[in-house]
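**Q** Take a look and give me a structure for this.
(one chain, ligands or ions: 1)
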Amino acid sequence: MTPRRASYEGISLYSPPAVPCRVDLSDNTNLFGMPPAAEQALRDFTPSLITRYPVSYAPELKKALSAYSGFEASWLTTGCGSDDLIDCALRAFLEPGERIAVPEPSFSMMSYFAKVNGLQYTPVPLRSDFEIDVDGLLATGARLIYVCSPNNPTGTVVSRAVLERLVDAAPGIVLLDEAYTEFASASHVDLARSRPNVIVTRTLSKAFGLAGMRVGYAIGRPELVAEIEKARGPYKHSGLAERMAIAALTEGVSWVKARAEDAKEIRKRLVAELKAQGLEPLPSEANFVLVPLPGAPQVAARMRERDVNVRAFQGLAGVGDALRIGCGPWPLMEAALQALREARR
Ligand SMILES: Cc1ncc(COP(=O)(O)O)c(C=O)c1O
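**A** Residues are numbered from 1 along each chain as shown. Here you go, the predicted model:
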């Protein structure tokens, strides 16, 4: 008999279709690459980064993040991607059996993290205008409420007044996921300072182009951050990942900002082209666009035959079938638009 935790029965691994394609627009990473300063740090790595442990709790990385975010180091913690920080926060603040509430559709890993932490998971549909349903979320009685803005996969954002109402009435933590904040018109990170129950997670996987290095961070009051650090443990990223992240955060910020502006410009052009094909993409403030399209999985399969990979969703709540298309250099968008045209014929 395989020794096994009863609640782990039926948990399947997250495995989005990994089809090697010339044009891969499926995972919202930075299609422009990474900041040259980070690449230089990779070339300059010293063997001691490999043979010795990194300094525990990543103080140098926190210093760089502090300069970038405007929050003191004691308000910051880092993790192996923001995935890891979400997982750690759930473990830090909730006992097994407690409940989290998550708008639907939203980041698909949330139900997975709930399961592996033994938590009850309650999805609460977005309203028809793609705003979160504050009363619905509060009615769940959840001790932690997750909000993603810009939201994956819709690309839509939560409005300030709605978020404030949620935060001020929530009985526990509100975890605000700002993985795509660099592409948005506004951030709500200041709520981490002004409210005692807000934690904001962010990542270097998207605008910073370092998805493979696995570096994310969380912002919150020092007493909240201290709890997450208990769940996190001392060594979360490699020394090399730390060096590359520090280089990106210190010398690479102007590159990151310029490429984020490029992605926003391209998003506008992509939306116009999709509309010209008779489609109605959702209003996005992320580096991707969600396009409702009946039969999206079949269309995506035909696009893959044309060497273009986009993420297909089937029966998303309030949306139906849809394609999520990442924004990158225009020649990639042209390839995607052409493949989409052909796949829909
Ligand atoms: C909304 C959202 N949050 C968090 C993540 C996790 O990113 P990472 O673990 O690379 O920081 C993703 C990745 O796609 C995401 O879309």
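**Q** can you point me to the longest helix in this structure?
**A** helix 253-276 (DSSP state H).
**Q** by contact count, what packs against that helix?
**A** Here helix 253-276 is seen to pack against strand 288-292, helix 330-344 when contacts are counted using 3 or more C-beta pairs under 8 Å, 6 or more residues apart in numbering; DSSP states H and E. From N, CA and C alone the C-beta is placed, and that goes for glycine too.
**Q** Show me what the longest one is packed up against.
**A** Contact analysis of helix 330-344 by 3+ C-beta pairs under 8 Å, 6+ apart lists strand 23-24, helix 253-276, helix 296-305, strand 308-309 as its packing neighbours.
**Q** 10 Å - rerun?
**A** Packing partners of helix 330-344 (3 or more C-beta pairs under 10 Å, 6 or more residues apart in numbering; DSSP states H and E): strand 23-24, helix 253-276, helix 296-305, strand 308-309, strand 320-326.
**Q** Kindly format the C-alpha coordinates of the third one as CSV.
**A** The C-alpha coordinates for helix 296-305 follow below in CSV (Å, rounded to 0.1, in the frame of the first residue of the first chain):
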residue,chain,number,x,y,z
ALA,A,296,-11.7,27.7,-28.6
PRO,A,297,-9.9,24.4,-27.7
GLN,A,298,-10.4,23.1,-31.3
VAL,A,299,-9.3,26.4,-32.7
ALA,A,300,-6.2,26.4,-30.5
ALA,A,301,-5.4,22.9,-31.7
ARG,A,302,-5.5,24.1,-35.3
MET,A,303,-3.4,27.1,-34.4
ARG,A,304,-0.8,24.7,-32.9
GLU,A,305,-0.7,22.9,-36.3
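**Q** Next, the angle strand 288-292 makes with that helix.
**A** Taking axes from the mean of the first three to the mean of the last three C-alpha atoms, to 10 degrees, helix 296-305 and strand 288-292 form an angle of 130 degrees between their directions.
**Q** per-residue confidence averaged over helix 296-305?
**A** Helix 296-305 carries an average pLDDT of 97.
**Q** Enumerate the positions of it that are buried.
**A** Ala296, Val299, Ala300, Arg302, Met303, Arg304 (16 or more other C-beta atoms under 10 Å).
**Q** I'd like the distance from that helix to the chain centre, please.
**A** Centre-to-centre, helix 296-305 and its host chain are 24 Å apart (C-alpha atoms, centre = their mean, to the nearest Å).
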